[in-house]
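In: model the structure of this input:
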Amino acid sequence: MDITFNKNEDQNKQLLAEVKRRLQKVKKGGGEKRIESHHKKGKLTARERINYLTDTNTEFLEIGAFAGENMYNEVGGCPSGGVVAGIGYVSGKQCVIVANDATVKAGAWFPITAKKNMRAQEIAIENRLPIIYLVDSAGVFLPMQDEIFPDKEHFGRQFRNNAVMSSMGIVQVAAIMGSCVAGGAYLPIMSDEALIVDKTGSIFLAGSYLVKSAIGEVIDNETLGGATTHCEVSGVTDNKFPNDKAALDYIKDIFAKLGNSPQAGFNRIKPQKPRLNPEELYGLLPTDRTKPYNMHELIYRLVDNSEFSEYKAAYGKTLICGTARVDGWAVGIVANQRLVVKSKKGEMQMGGVIYSDSANKAARFIMNCNQRNIPLVFLQDVSGFMVGSKAEHGGIIKDGAKMVNAMANSVVPKFTFIIGNSYGAGNYAMCGKAYDPRLIYAWPTAQMAVMSGAAAANTLLQINVAAAKAKGQVLSDQEKKEQLEKITSRYNEQLSPYYAAARLWVDGIIDPLETRKVISMGIEAANHAPITKPFNVGVIQT
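Out: Sure, this is the predicted structure:
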C-alpha cells in the first residue's frame, strides 16, 4: 500500500473513533447518576430493556442515535432525542422497537422526540413490520409545547399513525414501564395489546396534582392510574407484571406465536463475503474531498464475492450503475464517480458531477430495477448537476428531471448512503431524505448542504460586499477575511454529518463496514411489504 492509502486510512479511522466516542456518550442517556437512580426503582434503562427483549446474538440496527445532539443545550440537552429506536429481532421476528429513555428529562417529549418516534413508525408502516413500544415518559416537555403540540408532524401525529397501522394489520404491542401521561396515554392503548408493570407503571390523562387543581379531587397516582386500577377496574390495560423482565418475557411470547405475512419476493441466495478486504475502504476513500478516487474499488469491497455487473460502463461515466449481491440479496447500485473521466466523445468530465448522459443512464437503470423487482442502493458523493451554457443548452435540467422522476416514482425499496459530498440537487437525484429511502445513513466522511463550504462562503461574502457597497461602504481586505472565516466556520458546522444526524436528515452515522449490515437488514425488512403499486414515471420531457 502507498503513502496516500496509509494517510487516508489513518484519517478515516480517526473520524470513526470520534463517532464511537460520541456514541458511547449518547448511550449513557441522562448520565450515570440518573441510571443509578433508575436501577434503585427496580427499573431497567431503555437500552437494557431492548437488550433483554431482543434475541441473543442478533443485530439491533439503531435509528437516530445522534438525534437531538447539541440542539437543546440551553435546557440540559436531549441525548438520542430521549428515546431509543431501531430494528431488531424478537423471538425470531424482525420488528421495530421504540423505548423511552426516562434518564433524559424523565422521558419527556422534545420536538426531536416526536420526529424520531414518527420516523420509527414510518419504518414500521413502509415495511409492514410489527412495532413494540416500551413506554416510560413524563409527557410533553412543557417549555417547548408550542413546537411539539399542534402541527401536522407534531406529537398528535403518532396516534394517527397508531390508527393507520392498526387498519393495515401491523401488530403493535406496548408495555407501560413507567409514567404514561396526558395525550401520551393514547399510544399504548391504541396498540393491539397493552401491558403494565406493577408499582412502577402508571397511566392517566392527568396526574394527581392536576386532578386536584382541576376538579378538587384528592387521590394518589397509584390509585388513580396504577397497574391494579387499570387491569382490575378500568380494563384499560390487559395484564400486569411484577417487573420489567416479566413484561418483556410476555412480549417475547406474543412474538413467538405471530403468524407469517406475505412477502415482496426480493431475490436472495446464500451470502458470500467480499473477496477483496472491506477494511481497505478506510485507505481507499480520501477525507480530502478535492482528491479523486475510484468508486468501483469501494463497491467491490461492499458486495458479495466482489462481483459487480456494470450497466452501460462506457457511457455516462460520472455515474456508476450496475447489479450485485449484498449478503445474498440482489441489489441495483447507483453511485457517483469522483474520478475525472473521459466521455464517449473524448471530452473530460469532472468527477462527482452529474451530466446529461449520466442522468439518462441512471434513469433507465432505475426503470430496469423496478421492472425486475430489484431494490436500489444509492452511494452518494455528488457535487450536483453540471452547470454552464454547454450543459444548459444540452438540456441538463430536462435530463436531470428524468432521473429524479424515475427515482421518485420507484416502487422498489431504496437505501441511501452518503459517503462524501451531498450537495444541491445532486442530493435529490441520488435519493436524499426527501425521496423516501427506506433507510439513509452517513459515513463519517459525509457532508450535506446546498453547496460546498468554500463555494457557499465565497457566495455569501460577495453578497455582503455588494450590500456594503450599496450603502457607500468599502470592506477592507482584513474585514473580508474575517467575514469569510466567520461564514466558513458557521457553514462547515452545518455541513457536518452530526448536524444532519441530530436533525434526523439521516438515520445515523455508521462505520463503512456496517454498510452491508444496513442493506441486508433493510431489504429483509422491506421484504415484509409486498409491492402493490405499479411503477409509472408519469409525464417526462424527452
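In: for residue 341, grab phi and psi.
Out: Residue 341 adopts backbone torsions of phi -120, psi 160, taken as degrees, to the nearest 10.
In: that one and residue 385, how far apart?
Out: Residue 341 is 16 Å from residue 385, where distance means Cβ to Cβ, to the nearest Å. Glycine gets a C-beta too; all of them are placed from N, C-alpha and C.
In: kindly report the same for residue 157.
Out: Counting by Cβ to Cβ, the separation of residue 157 from residue 385 is 34 Å.
In: and if you look at residue 18?
Out: Where residue 385 is concerned, residue 18 sits at a distance of 32 Å (Cβ to Cβ).
In: returning to what we had before: of residue 341 and residue 385, who's got more company?
Out: Per other Cβ atoms under 10 Å, whichever of residue 341 and residue 385 has more neighbours is residue 385, with 23 against 18.
In: ok, now which ones touch that one?
Out: 353-355, 359, 391, 396-397, 400, 424-426, 429 (Cβ atoms under 8 Å, 6 or more residues apart in numbering).
In: try 6 Å this time
Out: 354, 396, 400, 425 (Cβ atoms under 6 Å, 6 or more residues apart in numbering).
In: and those, which two are the farthest apart?
Out: Across the contacts of residue 385, no pair lies farther apart than 396 and 425, at 10.0 Å, counting by Cβ to Cβ.
In: name the SS class of the residue of the chain positioned farthest from its centre, please.
Out: Centroid-distance maximum for the chain: residue 472 at 48.1 Å, with Cα atoms, centre = their mean. Assigned with DSSP: H, G, I helix; E, B strand; the rest coil, residue 472 falls in the coil class.
In: what's the answer for residue 271, then?
Out: Assignment for residue 271 (three-state DSSP): coil.
In: got any ranges where this protein has weak pLDDT?
Out: Where the chain drops to pLDDT under 70, the residues are 1, 142, 183, 344, 451-454, 456, 541-542.
In: in terms of secondary structure, what does the longest helix anywhere in it contact?
Out: Longest helix in the chain by number of residues (criterion: DSSP state H): helix 3-26. Packed against helix 3-26, as judged by 3 or more Cβ pairs under 6 Å, 6 or more residues apart in numbering; DSSP states H and E, are the following elements: helix 281-284.
In: what's the offset of the helix it packs on from the middle of its chain?
Out: 24 Å (Cα atoms, centre = their mean, to the nearest Å).
In: packing partners of it?
Out: helix 3-26.
In: give me the residues contacting the helix it packs on.
Out: For helix 3-26, the external contacting residues (Cβ under 6 Å, 6+ apart) are 65, 79-80, 282-283, 286-287, 444, 509, 511.
In: just the buried ones from these?
Out: Taking 16 or more other Cβ atoms under 10 Å as the criterion, what is buried in the contacts of helix 3-26 is 65, 79-80, 282-283, 286, 444, 509, 511.
In: in CSV: these, plus distance to residue 215 and secondary structure.
Out: Formatted as CSV, the buried ones among the contacts of helix 3-26 follow (distance: Cβ to Cβ, whole Å; DSSP: H, G, I helix; E, B strand; the rest coil):
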residue, distance to residue 215, secondary structure
65, 42, coil
79, 37, helix
80, 37, helix
282, 64, helix
283, 68, helix
286, 67, coil
444, 55, coil
509, 49, strand
511, 55, coil
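In: between the two ends of stretch 365-376, what distance do you get?
Out: 10 Å (Cα to Cα, to the nearest Å).
In: hang on, the earlier thing: turn the buried ones among the contacts of helix 3-26 into TSV, columns for distance to residue 239.
Out: As requested, the buried ones among the contacts of helix 3-26 are exported to TSV (distance: Cβ to Cβ, whole Å):
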residue	distance to residue 239
65	32
79	32
80	29
282	50
283	55
286	57
444	45
509	39
511	40
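In: tell me which of those residues is nearest to residue 144?
Out: Taking the buried ones among the contacts of helix 3-26 together and measuring to residue 144 by Cβ to Cβ, the closest member is residue 79, at 16.1 Å.
In: distance of the residue nearest to that closest one when sequence neighbours are not counted relative to residue 64?
Out: Leaving out its chain neighbours, the residue that sits closest to residue 79 by Cβ to Cβ, 6 or more residues apart in numbering is residue 26, at 5.1 Å. Separation of residue 26 from residue 64 (Cβ to Cβ): 10 Å.
In: neighbour count winner among those two?
Out: residue 64 (26 against 18).
In: quick one: neighbours of the closest residue to residue 409 other than its chain neighbours, just the number.
Out: With sequence-adjacent residues excluded and distances taken as Cβ to Cβ, 6+ apart, residue 409 is closest to residue 537, at 5.1 Å. Residues lying near residue 537 (other Cβ under 10 Å) number 16.
In: quick one: residue 537 is in a helix?
Out: No. According to three-state DSSP, residue 537 belongs to no helix; its state is coil.
In: how close does it sit to residue 403?
Out: Taking Cβ to Cβ, one finds residue 537 at 10 Å from residue 403.
In: which residues are contacting the helix or strand harbouring residue 458?
Out: Using DSSP states H and E, residue 458 falls within helix 453-470. Helix 453-470 is contacted by residues 475, 483-484, 487-488, 491-492, 495 when judged by Cβ under 6 Å, 6+ apart.
In: from these, pick the one nearest residue 310.
Out: residue 495 (31.0 Å).
In: what's across from the residue nearest to that closest one when sequence neighbours are not counted in the sheet?
Out: Of all residues not flanking residue 495 in the chain, residue 447 sits nearest, at 4.3 Å (Cβ to Cβ, 6+ apart). Assessed by DSSP bridges, residue 447 has beta-bridge partners residue 421.
In: what about residue 447, neighbour count?
Out: Residues near residue 447, counting by other Cβ under 10 Å: 21.
In: what's the spacing between it and residue 336?
Out: Distance of residue 447 to residue 336, given as Cβ to Cβ: 13 Å.
In: helices of the stretch 351-500 of the chain, start to end?
Out: Ranges of helices in the stretch 351-500 of the chain, per DSSP state H, counting those that start in this stretch, are 356-371, 389-393, 396-408, 424-429, 453-470, 477-495, 497-502.
In: any chance of those in JSON lines, plus distance to residue 305 and mean neighbour count?
Out: As requested, the helices of the stretch 351-500 of the chain are exported to JSON lines (distance: least, Cβ to Cβ, whole Å; neighbours: other Cβ atoms under 10 Å):
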{"stretch": "helix 356-371", "distance to residue 305": "20", "mean neighbour count": "22"}
{"stretch": "helix 389-393", "distance to residue 305": "38", "mean neighbour count": "11"}
{"stretch": "helix 396-408", "distance to residue 305": "28", "mean neighbour count": "21"}
{"stretch": "helix 424-429", "distance to residue 305": "30", "mean neighbour count": "22"}
{"stretch": "helix 453-470", "distance to residue 305": "39", "mean neighbour count": "14"}
{"stretch": "helix 477-495", "distance to residue 305": "36", "mean neighbour count": "14"}
{"stretch": "helix 497-502", "distance to residue 305": "30", "mean neighbour count": "22"}
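In: quick one: closest of those to residue 141.
Out: Nearest to residue 141 among these is helix 497-502 (16.6 Å), distances taken as Cβ to Cβ.
In: using PDB, write out the CA atom coordinates for the closest one.
Out: What follows is helix 497-502, C-alpha atoms only, in PDB (Å, rounded to 0.1, in the frame of the first residue of the first chain):
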ATOM      1  CA  PRO A 497     -22.800  14.600   9.400                       C
ATOM      2  CA  TYR A 498     -23.500  15.100  13.100                       C
ATOM      3  CA  TYR A 499     -25.600  18.200  12.300                       C
ATOM      4  CA  ALA A 500     -27.600  16.100   9.800                       C
ATOM      5  CA  ALA A 501     -27.900  13.100  12.200                       C
ATOM      6  CA  ALA A 502     -29.100  15.400  15.100                       C
END
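In: quick check: next helix or strand after that helix?
Out: From helix 497-502 onward toward the C-terminus, using DSSP H and E, the following helix or strand is helix 515-526.
In: quick revisit: for the helices of the stretch 351-500 of the chain, which one sits closest to residue 116?
Out: helix 497-502 (10.7 Å).
In: other residues contacting stretch 294-306?
Out: With Cβ under 6 Å, 6+ apart, stretch 294-306 has contacts from 272, 274-276, 278, 280-281, 284, 308, 320, 324-326, 335, 337, 339, 515.
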